[in-house]
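Enquirer: Next input, structure requested:
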Amino acid sequence: MRCLIRDIITIHVSIGTNGVKLRIGKNAGMRQGFIKKLLAGLLAGLMLFAAAPAGIAHAETSAELQQKLDEAKKKLTEIYQQVEAAGEALNETESRIVDINKRIEELEAQITQKNNEIDTTQTQIETTQHEIETKQAELAEAQRILARRVSASYKAGSASALSTFLSSNSFEDFVSRIYYAAKVSDRDSESIQRVKDLKADLEHQKTMLEEQKAQLEDQRTHLEGIEADVEEQKRALEDMREQQKEQKRAFEEQSAAQAEYISALDQAVKDKIAEEEEAARRAAEEAARRAAAVQFRYRSVGSDITGLLTDEERSTIVSAAYSQLGVSYLWGGESPGYGLDCSGLAQWCYAQAGRSLPHSSRSQCAMTELTTNLDELAPGDLVYYARSDGYVFHVAIYIGNAQVIEEIQPFCKVSSVYNVNGFVGGGTPI
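Expert: Residues are numbered from 1 along each chain as shown. This is a model prediction of the structure:
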């Protein structure tokens, strides 16, 4: 079967602080979309791999693992703080959304009120318009009646006056009839004027109502504009809320992964400590065996030999020193198994043999008659180191064969007696 490869696909994957990036070479042609989909799952796995805590190297010492554990716990605390901060930000956004919903409700109530006022005003306008039309009809009727009377009077002319005179019983009756005719005419004119005035008043009311309606509609439009802006703010806050929820969820997943890593690392530290304690126990037994075979040579100071150590005491001191191998250096530390400094180690090891020492390399050195001849030193003695000006800055426990156990950065270990510059000798503190 022949397989013809027409396209050469070049894929570049890089993992950095900004995430995982994928770049497919231009020669991939029309297959890029397919390849990207195909690698989506792979990229997701790579991102999880990049964000995952570092694995546990079983070859590390308990002190190194403990340092990793401390750093992991510190990182977890930071993540918890990020989770808390994300939660607070989410709560703040939720509160703002509640407030903005209340604002929207208030605006909707105001808009409803304006609509009701507009409807009421429109009803008043329609009622006023109806009244205007009624008065217009009354005015037209009154004007028609007056017109008919005027027309009739004009056609009758003087004959009407003569007829009135002739039909009158007396002159007084004639004058009275003329007077009342004039009154009727005046009354018609007054009635027409009243209707005109009332119509004008109604038209003025209508104009005012229409202006009021226009103002209410403007106010409603303004409120609707504010409501639209507030709705837009609400949508933005809801988008922010979703982003904050996703961020909080991511921090929670990260904290869960970190907690799982810490649990595994904590167990690794315990296992390593147990392993090192067992190694130290075996080493101490071997050191004790060797110490028992060594012919110790004691130095006397005058006739006072109260500071000299017995074989059992020396074996106890050396065994105690071996038990602290791998323990982290801690300035001023007095906690075996957790953190010691150089003089703290010497103080604690001598205390296991029932001997009391101060927690100071200078004070311990002042109690010791020094010799720089290693042949004159025995396991359990202390050796000291000083600067060129004579200031003692370091102490270690001699274990024989030109070796010492010393608590030094970053942790307690076995070293050459000359590992630290400034060796000035050693001996048994008295």
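
Enquirer: For the stretch 201-350 of the chain, which segments are assigned as helices?
Expert: Ranges of helices in the stretch 201-350 of the chain, per DSSP state H, counting those that start in this stretch, are 311-323, 342-352.

Enquirer: need those helices in JSON lines with mean pLDDT, distance to A274 and mean neighbour count, can you?
Expert: To be clear about C-beta, it is placed using only N, CA and C from the backbone, and glycine gets the same treatment. Output for the helices of the stretch 201-350 of the chain, formatted as JSON lines (pLDDT from 0 to 100; distance: least, Cβ to Cβ, whole Å; neighbours: other Cβ atoms under 10 Å):
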{"stretch": "helix 311-323", "mean pLDDT": "94", "distance to A274": "12", "mean neighbour count": "22"}
{"stretch": "helix 342-352", "mean pLDDT": "96", "distance to A274": "20", "mean neighbour count": "23"}
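
Enquirer: Including distance to R362, could those go into TSV?
Expert: Putting these into TSV (distance: least, Cβ to Cβ, whole Å) gives the following:
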stretch	distance to R362
helix 311-323	20
helix 342-352	9
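
Enquirer: quick one: low-confidence ranges for the stretch 1-150 of the chain?
Expert: Counting by pLDDT under 70, the stretch 1-150 of the chain contains low-confidence residues at 1-59, 146-147, 149-150.

Enquirer: looking at the helices of the stretch 201-350 of the chain, which is closest to E131?
Expert: helix 342-352 (106.7 Å; Cβ to Cβ).

Enquirer: what does that closest one contact?
Expert: Here helix 342-352 makes contact (Cβ atoms under 8 Å, 6 or more residues apart in numbering) with 316-321, 324, 332-334, 336, 340, 356-361, 364, 382, 394-397, 405-408, 412, 429.

Enquirer: check which helix or strand covers the one residue sitting closest to the centre of the chain.
Expert: The centroid of the chain falls nearest to A86 when counting by Cα atoms, centre = their mean (2.6 Å). Element membership for A86, per DSSP states H and E: helix 62-167.

Enquirer: that older thread, tell me how many other residues crowd the residue nearest to the residue nearest to the centre of the chain when sequence neighbours are not counted.
Expert: The spatial neighbour of A86 that comes closest, neighbours along the chain excluded (Cβ to Cβ, 6 or more residues apart in numbering), is K248 at 4.0 Å. K248: 19 surrounding residues under other Cβ atoms under 10 Å.

Enquirer: And E126, by the same measure?
Expert: 12.

Enquirer: And it, how far from S361?
Expert: 106 Å (Cβ to Cβ, to the nearest Å).

Enquirer: With A268 instead?
Expert: Counting by Cβ to Cβ - A268 and S361 are separated by 33 Å.

Enquirer: For the two, indicate the residue with more neighbours.
Expert: It is S361, of A268 and S361, that has more neighbours when counted by other Cβ under 10 Å, with 24 against 19.

Enquirer: pretty sure that one is touching I397, no?
Expert: No. Proximity of S361 to I397 does not meet the contact threshold set by Cβ atoms under 8 Å, at 11.9 Å.

Enquirer: What helix or strand is K413 located in?
Expert: Assigned by DSSP H and E, K413 falls in strand 411-416.

Enquirer: what's the answer for H394, then?
Expert: strand 392-400.

Enquirer: could you check the angle helix 342-352 makes with that strand?
Expert: 50 degrees (axes from the mean of the first three to the mean of the last three Cα atoms, to 10 degrees).

Enquirer: who does strand 392-400 touch, helix- and strand-wise?
Expert: If contacts are counted by 3 or more Cβ pairs under 8 Å, 6 or more residues apart in numbering; DSSP states H and E, strand 392-400 sits against helix 171-293, helix 311-323, helix 342-352, helix 361-366, strand 382-386, strand 403-408.

Enquirer: Adding distance to T372, write those out as a markdown table.
Expert: Conversion of these to a markdown table gives the following (distance: least, Cβ to Cβ, whole Å):
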| stretch | distance to T372 |
| --- | --- |
| helix 171-293 | 22 |
| helix 311-323 | 20 |
| helix 342-352 | 19 |
| helix 361-366 | 13 |
| strand 382-386 | 9 |
| strand 403-408 | 14 |
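
Enquirer: related to what we said a few turns ago, mind checking the helices of the stretch 201-350 of the chain for the one nearest to E117?
Expert: Distance to E117, taken as Cβ to Cβ, is lowest for helix 342-352 among those, at 85.9 Å.

Enquirer: Off-centre distance for the closest one?
Expert: 47 Å (Cα atoms, centre = their mean, to the nearest Å).

Enquirer: returning to that earlier point: list only buried entries from the contacts of helix 342-352.
Expert: Of the members of the contacts of helix 342-352, the ones counted as buried by neighbours, 16 or more other Cβ atoms under 10 Å, are 316-321, 324, 333, 336, 340, 357, 361, 364, 382, 394-397, 405-408, 412, 429.

Enquirer: follow-up on the earlier one: mind checking the helices of the stretch 201-350 of the chain for the one nearest to R144?
Expert: Minimum separation from R144 across the helices of the stretch 201-350 of the chain (Cβ to Cβ) falls at helix 342-352, 126.1 Å.

Enquirer: and the angle from the closest one to helix 311-323?
Expert: Using the same axes, to 10 degrees, helix 342-352 lies at 140 degrees relative to helix 311-323.

Enquirer: now helix 342-352 against strand 411-416, angle please.
Expert: Using the same axes, to 10 degrees: helix 342-352 against strand 411-416 is 90 degrees.

Enquirer: and helix 342-352, C-alpha only, in PDB?
Expert: Extracted as PDB, the C-alpha positions of helix 342-352 are listed here (Å, rounded to 0.1, in the frame of the first residue of the first chain):
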ATOM      1  CA  CYS A 342      25.000  24.700  65.600                       C
ATOM      2  CA  SER A 343      25.200  25.500  69.400                       C
ATOM      3  CA  GLY A 344      21.600  24.300  69.900                       C
ATOM      4  CA  LEU A 345      22.600  20.900  68.500                       C
ATOM      5  CA  ALA A 346      25.600  20.700  70.800                       C
ATOM      6  CA  GLN A 347      23.600  21.800  73.800                       C
ATOM      7  CA  TRP A 348      20.800  19.200  73.100                       C
ATOM      8  CA  CYS A 349      23.200  16.300  72.400                       C
ATOM      9  CA  TYR A 350      25.100  16.900  75.600                       C
ATOM     10  CA  ALA A 351      21.900  17.200  77.500                       C
ATOM     11  CA  GLN A 352      21.000  13.700  76.400                       C
END
